[in-house]
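Undergrad: Attaching a predicted model along with its sequence, questions to come.
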Amino acid sequence: QQQQKQQPVTFVLQGFHSKGDRSAGMSAALHLYRDGAFWQQIATNTSWLAHDATPYFNPQSSTANAYDQPREFIDARRAAPASGARWLQPGAGIPDAGAGDADWVPAVRHDAALTATWDGAKRTQPLVFIPEVKPRELLQVTKTKFFVDFGCEGMYGVRLSSTAPAGQRYRIILGEELKAPYTVLSPMRTGNLFDMNYTVNGNASFVLESHEYMLFRYGEIHILGLEPSLAPFSFTAWQVMYPWNDSDSSFSSSNEMLNSIWQLGANTLRVTSLDTFTDSNTRERLPYEADGLITAASRYMLQREFVWPVHSTEHVVLNPTWPTEWRQCTVLLAKQEYLFTGGSRVFSSFGPLLQENSQLGCLNTSINLIDFRKCARMPGTRDVIDWPQSSRDGYQLSDVSTVISAYAVLAARDLSQLAAAHQQKPLAAQLRSQADDISEGINQHLFSAEQDLYVDGLDLTHGGFHATAFSLWAGAVPASRVGAALRLLQKKRMAGSVYAAYALLHGLYQIDSDHGSFALDMLTNCDTNSWCHMLKLNATATLEAWDPQEKPNLTWSHPWATAFISAIIQGFIGLTPLSPAYAQFELKPQPGNSTISASVLVPSLNGPFSIKFSQVQGHSFDLQVTIPVNCFGRVCLPSLGSANTTLQLDGSAVHGTAIGDYICLDGVGASNAARHVVRSV
């Protein structure tokens with residue numbers, strides 16, 4: 001190092017899999033940097049020396065039930081001796097391992113085939129590692145107890161250093177919530193037990209650091225062992241997350257609650273995910289299809305990096321879970337990839353499997369419904385309807401279920417569009433016809449005229465939230481029955497779970513006459529089943545359920561509870577892609593009927609959409625939108641109760657087309673300045 005500069009060296013552990021589960025492996029390498037830029041990668045091999053750190057970490061029982069993560073009772077007195085280290089010298093190349101120290105032994109390759117997978121194994125970005133996060137609050141509670149609040153849920157490890165003499169022990173308790181002031185709930189509701197002891201070695205510069213992440217916000221530090229001298233100590237965290245670009249998206253409005261839940265959702269996506277969508281990295285760390293559908297939809301609204309959701313979708317297609325509807329969700333995930341990225345990797349790779357997952361193979365053409373009475377279900381599957389089960393609003397399970405057929409409508413339509421994009425015209429036409437047929441079947445056999453509602457299944461009399469919300473989301477509710485559907489949902493309100501909220505919100509934004517009024521109520525009210533309620537519980541990421549009473553073992557880090565993110569963009573703001581990468585789009589704001597304003601930045605492959613609007617109740621709607629190049633769309637503004645079809649476009653009067661209760665202009669594209677569309681009466 002001729003200029004005596006410090007050159008960073010990064011030790012990279014690369015986990016990967018080809019199909020998930022037992023195909024997983026790990027490789028390791030050194031990344032060397034010169035003059036601030038990446039210079040060279042040095043792969044590991046059996047000439048490297050390794051140290052068994054088991055005595056140092058002193059692992060105890062697992063922190064979790066669903067995965068194996070031993071609690072680390074670190075004893076710094078058992079740290080590896082430095083005599084086994086080998087240092088790189090300028091121009092000297094890589095040194096031989098030599099005999100080394102007895103504590104350092106040659107590394108062992110467990111699978112020689114893994115090295116061949118290294119170069120192409122990981123398409124997602126490297127994770128972001130923040131080496132030191134300081135607590136927002138570090139408070140001494142008693143002589144031997146300290147309380148820590150990092151201010152936000154996150155995937156953290158902990159770091160401790162102390163001037164105390166060798167042998168001094170610190171008990172560290174971590175968790176997502178408090179059971180009393182300055183007291184962490186431990187074990188957590190999920191059963192996770194982040195409770196461990198650290199023992200210092202008398203070296204004040206030595207940092208004891210956990211090597212696995214845990215999800216938590218709060219902590220307690222208890223001084224144990226020697227007579228407490230309250231020797232100064234440092235307690236911080238390291239944090240890991242998937243890369244996040246704050247400048248990719250933004251949202252603000254005149255509704256403060258809407259702003260608050262938006263921030264809750266954006267923060268959830270930012271701090272709770274690694275490189276694959278999961279239900280939650282607190283308890284299960286397992287990718288689920290429906291969890292991923294909602295999480296990926298949110299992320300497409302927030303970040304321009306699209307490899308993450310596609311990689312995750314491939315994983316769940318190859319590693320399915322048990323609910324019938326979750327299999328159907330894989331089709332919707334494939335459609336998301338096509339619309340937002342312009343790619344169709346999932347459909348191209350798994351088209352026949354996606355058709356099987358749609359459950360269209362069990363379409364009974366005599367009634368045009370998915371019918372499992374004489375058609376075998378996919379092995380190991382059963383209907384879930386909603387989760388937890390207490391959120392089902394009395395839904396009655398059957399072999400001819402309204403929710404399953406509603407999902408089949410969505411899947412058939414999405415498969416039709418994907419098939420058409422691949423020039424499979426006969427298949428596309430067949431699937432489109434099947435979607436229409438199932439919609440007709442739902443209305444012919446699953447709607448009770450006497451009760452004026454959709455029932456849960458064939459020959460059943462019970463109907464409620466789910467049969468209506470999912471049929472509405474699927475676009476299966478004809479105009480003549482929209483009023484009855486809306487009245488029922490207004491009565492039921494948010495009767496379903498945070499998962500079913502996705503169907504409800506996206507269904508409500510298909511009702512023109514309401515202009516999004518009830519959807520806005522569902523987004524911003526402070527009922528127990530609301531995101532406002534989560535904020536009142538002091539959440540910094542979305543909970544797994546609305547309230548601990550609904551699901552006593554919930555986590556505080558569930559991104560599948562962010563249905564409002566996509567609903568705000570595609571419903572309240574009204575921006576939806578009609579063809580890949582928003583090359584064709586619709587912009588149809590539905591902010592309700594009150595006076596309100598909002599502005600948003602939405603990422604797309606072609607560049608960001610910048611949208612601002614303000615509505616004066618009953619008088620005017622003023623919209624400004626900056627459109628990316630190569631994108632053209634239909635812009636619709638509410639009629640405001642007038643049959644006149646005149647709009648102002650960039651200062652000139654133009655005649656639009658009345659569609660429902662909106663006046664629309666087609667072919668609105670990019671310009672040197674923001675396009676300005678005004679409706680006034």
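TA: Perfect, thanks for sending it. Numbers count the residues shown, from 1 in each chain.

Undergrad: Just give me the residue closest to the centre of this structure.
TA: What sits nearest the mean C-alpha location of the chain, by CA atoms, centre = their mean, is T295, with 2.8 Å.

Undergrad: Which secondary structure elements does the strand or helix carrying that one sit against?
TA: Taking DSSP states H and E as the definition, one finds T295 inside helix 289-302. On a contact count with 3 or more CB pairs under 8 Å, 6 or more residues apart in numbering; DSSP states H and E, helix 289-302 meets helix 256-271, helix 307-318, helix 324-341, helix 500-508, helix 563-567. The way it works is simple: take the backbone N, C-alpha and C, and place the C-beta from them, glycine included.

Undergrad: quick one: the first one to helix 289-302, angle?
TA: An angle of 110 degrees separates the directions of helix 256-271 and helix 289-302 when computed by axes from the mean of the first three to the mean of the last three CA atoms, to 10 degrees.

Undergrad: Give me the contacts around helix 256-271.
TA: Contacts with helix 256-271, where a contact means CB atoms under 8 Å, 6 or more residues apart in numbering, come from 152-155, 239, 241, 244, 249, 251-253, 295, 298-299, 302-303, 520, 523-524, 526, 531-532, 534-535, 539-542, 557-559, 561-562, 564-565, 568, 572, 598.

Undergrad: quick one: which of those sit in strands?
TA: Per DSSP state E, strands hold the following members of the contacts of helix 256-271: C152, E153, G154, M155, Q239, M241, F251, S252, S253, A598.

Undergrad: ok, of these, which come out buried?
TA: E153, G154, M155, Q239, M241, F251, S252, S253, A598 (16 or more other CB atoms under 10 Å).

Undergrad: In a markdown table, list the residues you listed along with pLDDT and distance to S671.
TA: Listed next are those as a markdown table, based on pLDDT from 0 to 100; distance: CB to CB, whole Å:
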| residue | pLDDT | distance to S671 |
| --- | --- | --- |
| E153 | 97 | 42 |
| G154 | 98 | 42 |
| M155 | 97 | 43 |
| Q239 | 96 | 42 |
| M241 | 95 | 37 |
| F251 | 98 | 23 |
| S252 | 98 | 24 |
| S253 | 98 | 25 |
| A598 | 98 | 21 |
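
Undergrad: Surely E132 touches W238?
TA: Yes - contact status for E132 versus W238: in contact at 6.6 Å, counting by CB atoms under 8 Å.

Undergrad: okay, those two: which has more neighbours?
TA: Using other CB atoms under 10 Å, the more surrounded residue of E132 and W238 is W238, with 18 against 11.

Undergrad: give me the beta-bridge partners of that one?
TA: Counting by DSSP bridges, W238 is bridged to G157.

Undergrad: any idea how far it lies from A296?
TA: Distance of W238 to A296, computed by CB to CB, to the nearest Å: 27 Å.

Undergrad: ok so, going back, ok, the residue nearest to the centre of the chain to T278 distance?
TA: Between T295 and T278 the computed distance is 8 Å (CB to CB).

Undergrad: ok, for A66, nearest residue in space, not its chain neighbours?
TA: Distances taken as CB to CB, 6 or more residues apart in numbering put E284 closest to A66, at 4.5 Å, once the chain neighbours are dropped.

Undergrad: Sorry, wrong one. I was asking about T528.
TA: Computed as CB to CB, 6+ apart, the closest residue to T528 that is not its neighbour in sequence is D547, at 5.4 Å.

Undergrad: Same check on K145?
TA: H222 (5.4 Å).

Undergrad: quick check, that neighbour in a strand?
TA: Yes - remark: H222 belongs to a strand, assigned using DSSP: H, G, I helix; E, B strand; the rest coil.

Undergrad: Just give the number of residues close to it.
TA: Look at H222: counted by other CB under 10 Å, it has 16 neighbours.

Undergrad: G633 now?
TA: Neighbour tally, G633, other CB under 10 Å: 26.

Undergrad: Distance of it relative to T144?
TA: Distance from G633 to T144, by CB to CB: 64 Å.

Undergrad: related to what we said a few turns ago, ok but the residue nearest to T528 is inside a strand, no?
TA: No - going by three-state DSSP, the assignment for D547 is coil, not a strand.

Undergrad: which of the residues in stretch 584-603 are buried?
TA: Buried residues in stretch 584-603 (16+ other CB under 10 Å): 585-593, 596, 598-603.

Undergrad: Quick one: residues contacting the nearest residue to L302 once chain neighbours are set aside.
TA: Closest residue in space to L302, ignoring its immediate chain neighbours: S249 at 4.6 Å, by CB to CB, 6+ apart. Listed by CB under 8 Å, 6+ apart, the contact partners of S249 are A266, M301, L302, Q303, V600, L601, V602, P603, P608.

Undergrad: Nearest to W308 among the ones in strands among the contacts of helix 256-271?
TA: For the ones in strands among the contacts of helix 256-271, the residue nearest W308 by CB to CB is M241; the value is 11.6 Å.

Undergrad: Contact partners for the closest one?
TA: With CB under 8 Å, 6+ apart, M241 has these contacts: L127, V128, I130, G154, M155, R270, V271, S273, L274.

Undergrad: how much space between the fifth one and Q617?
TA: Spelled out, it's M155. Separation of M155 from Q617 (CB to CB) stands at 44 Å.

Undergrad: and what of the first one?
TA: Counting by CB to CB, the separation of L127 from Q617 is 47 Å.

Undergrad: With E212 instead?
TA: Between E212 and Q617 the distance is 54 Å, computed by CB to CB.

Undergrad: Based on its surroundings, how many neighbours for V346?
TA: 25.

Undergrad: List of residues touching the helix or strand containing it?
TA: Applying DSSP H and E as the criterion places V346 in helix 345-357. Residues from elsewhere that reach helix 345-357, judged by CB under 8 Å, 6+ apart: 310, 313-314, 317, 320, 327-328, 330-331, 333-334, 337-338, 361, 378, 411, 415, 418-419, 421-422.

Undergrad: just checking, F216 is part of a strand?
TA: Yes - F216 sits within a strand when classified using three-state DSSP.

Undergrad: was I right about it contacting D195?
TA: No - look at F216 against D195 with CB under 8 Å: they stay out of range, at 11.2 Å.

Undergrad: Between E212 and Q617, tell me which one has more neighbours.
TA: A direct count of neighbours by other CB under 10 Å for E212 and Q617 places E212 higher, at 14 against 11.

Undergrad: Give me the pLDDT for the nearest residue to the more buried one once chain neighbours are set aside.
TA: Leaving aside its chain neighbours, E212 sits nearest to Q69 (5.6 Å; criterion: CB to CB, 6+ apart). Here, the pLDDT recorded for Q69 equals 91.
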